[in-house]
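Asker: Starting from these lines, generate the structure:
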Amino acid sequence: MTWSDILDAACREAGTPGAALGVIDGGTIEIATTGVRAVADGSAVTARTRFNIGSATKMITAALLVEAAHKGAVDLDVPVAHQSDIMLPAGDLRDGVTPRLLLCHRAGFFGDVFAPDVRGGAPLEVYAARAPSFERTCAPGGLFSYNNAAFALAARLTEIAARTPWLDLVRTALATIGAADVTRGPGVTDDEAVGHAMSLEGLIQISDEPAVAAMAPAGATFRASIIDALTLAQAILDQRAPFSAPTLAQMRHMAPGPTPTFAVAWGLGLQQFDTAGALIGHDGATPGQFSFFRLAPARRQGLVLLCNGGDARWLAHLIARAAAARIDFPVAAAWGESRQTLDARDLARCGRYAAGGYEVRVGRDGDRLSAAFAAPDANGDLVQSFAAPLEPSAHDPTGELYLATMPGSRAPAHQRFVVDANAREFLIFRGRLFPKRSGDSA
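Answerer: I've put the predicted structure just below:
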């Protein structure tokens, strides 16, 4: 079978309308495409079709700030507020959040702060002025919580240090590796993928929502064809600017991740997907579009997958499994099995966990737990988004890990209950840290 055959079969199994795949194996690069970029018009995905790469943008954002540190313009381990006019909430956030903590998702504040939109000539400057209002969830440097806002602040710090707008810095950096089109945003060609979602009527297209301009460094706006995405991946493997050897060495300083399926470990803008440390990269997700960068630098191998809907995590799993068989590609950490019985410790974890206007209610559902996730609507009112079963991991020595299968996916994902040094209880759900709120049970 060719890679085109593999991708086509995997997309059919995952219900994905269209996808593009790039495979790097030493000096060989192969590209495969399949399906349609939009179900409404049936136009085929090509090697030039541009997909939103989402949070994979964080690799670029981190590299630029780390490069600024190598030039002496920024110190990664001095509080951000001591190096710039970026002011986080008073107390340990203001005095303890360093650039390194911004880039490794341990800044201690809730990071899904998207609205209202910030537009105009200085979106990052205006957005950073909101930082004093960010909600503290734990001490800086403590527990992991995936943080989009932190990357907007990191980009603002980069442009302060360089005295140049961040987007101009990105364009210059990507132009040197031949991937300048990535920064051009949506609507520049008629060959752009459209996000899709499942409804009661079947697969439907998702209307593009206006992106929050200040969230570009976190992954709101950049689009890439598989050709451009492979150029970016190859620059990392070749350690070319902005991913020079010293920069990548800093980015690859890893700390344990919150859960194995979200990432075994996290560096600065990089995820590590296996226990041996051979497999790095980043995932990206925007409404109905997904990107997966999987790189094995020691083997000079890489997989880049872009798609526009369906069960994207299952699709990535199928492609990775094929790559392990065909080119001996490193294998990510296993999902593991669930324990089928609940004990008193499991039941004690029921309750309400909330932060940033979002909440997760954990309660018993028959012989297992269930997590109901709610997000604020346009008026700020909580609306339940989905519910997922929580089943304790069978072989987790900590007793903290649970497996959840999200609606629309066959790929289980770990969630984790943790307790900090002050005996505060938290749930890490979809990578975000939610403190348990007392006096309210699920």
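
Asker: While we're on the residue of the chain positioned farthest from its centre, how confident is the model there?
Answerer: The outermost residue of the chain, judged by C-alpha distance from the chain's mean C-alpha position using Cα atoms, centre = their mean, is residue 344 at 33.4 Å. Note on residue 344: pLDDT of 94.

Asker: do residue 330 as well
Answerer: Here the pLDDT value assigned to residue 330 is 97.

Asker: That one: neighbour count?
Answerer: Around residue 330 sit 20 other residues, with neighbours defined as other Cβ atoms under 10 Å. No exception for glycine: its C-beta is placed from N, CA and C like everyone else's.

Asker: for it, what are its contacts?
Answerer: Residues near residue 330 by Cβ atoms under 8 Å, 6 or more residues apart in numbering: 273, 274, 276, 278, 279, 296, 299, 301, 324.

Asker: one more time with 10 Å, if that's ok
Answerer: By Cβ atoms under 10 Å, 6 or more residues apart in numbering, the contact list for residue 330 reads 273-274, 276-280, 294-296, 298-299, 301, 320, 323-324.

Asker: Could you work out the most separated pair of these?
Answerer: Across these, the longest distance by Cβ to Cβ is 18.1 Å; it joins 277 and 323.

Asker: Who has more neighbours out of the two?
Answerer: Taking other Cβ under 10 Å, residue 277 and residue 323 do not tie; residue 323 has more neighbours (23 against 14).

Asker: so where does that one fall, helix or strand?
Answerer: Assessed by DSSP states H and E, residue 323 sits inside helix 312-327.

Asker: next one: residue 34
Answerer: strand 28-38.

Asker: Can you dump the C-alpha atoms of that strand in PDB for me?
Answerer: As requested, C-alpha coordinates have been extracted for strand 28-38 and formatted as PDB (Å, rounded to 0.1, in the frame of the first residue of the first chain):
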ATOM      1  CA  THR A  28      13.000  11.000   1.700                       C
ATOM      2  CA  ILE A  29       9.800  13.100   1.800                       C
ATOM      3  CA  GLU A  30       6.500  11.800   0.600                       C
ATOM      4  CA  ILE A  31       3.200  13.600   0.400                       C
ATOM      5  CA  ALA A  32      -0.300  12.100   0.200                       C
ATOM      6  CA  THR A  33      -3.700  13.800   0.000                       C
ATOM      7  CA  THR A  34      -7.300  12.500   0.000                       C
ATOM      8  CA  GLY A  35     -10.900  13.700   0.200                       C
ATOM      9  CA  VAL A  36     -12.400  17.100  -0.100                       C
ATOM     10  CA  ARG A  37     -11.500  20.500   1.400                       C
ATOM     11  CA  ALA A  38     -15.200  21.300   1.700                       C
END
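
Asker: Just give the strands next to whatever helix or strand comes next after it in its sheet, each with its orientation.
Answerer: Downstream of strand 28-38, the first helix or strand assigned by DSSP H and E is strand 43-44. Using DSSP bridges, strand 43-44 pairs in its sheet with strand 28-38 (antiparallel).

Asker: now the angle from the strand holding residue 34 to helix 312-327?
Answerer: 150 degrees (axes from the mean of the first three to the mean of the last three Cα atoms, to 10 degrees).

Asker: so how far is strand 28-38 off the chain centroid?
Answerer: Centre-to-centre, strand 28-38 and its host chain are 22 Å apart (Cα atoms, centre = their mean, to the nearest Å).

Asker: Repeat that for stretch 60-68.
Answerer: Relative to the centre of its chain, stretch 60-68 is centred 17 Å away, using Cα atoms, centre = their mean.

Asker: now stretch 215-229
Answerer: Taking mean C-alpha positions (Cα atoms, centre = their mean), stretch 215-229 and its chain are 12 Å apart.

Asker: And the average pLDDT for it is what?
Answerer: Stretch 215-229 comes out with an average pLDDT of 95.

Asker: try stretch 130-148
Answerer: Stretch 130-148 comes out with an average pLDDT of 96.

Asker: Compute the first-to-last residue distance for it.
Answerer: Taking Cα to Cα, to the nearest Å, the first and last residues of stretch 130-148 lie 14 Å apart.

Asker: got the buried residues for that stretch?
Answerer: Using 16 or more other Cβ atoms under 10 Å as the test for burial, stretch 130-148 gives 131, 134-148.

Asker: Tell me what residue 365 is bridged to.
Answerer: Here residue 365 sits in beta bridges with residue 368, going by DSSP bridges.
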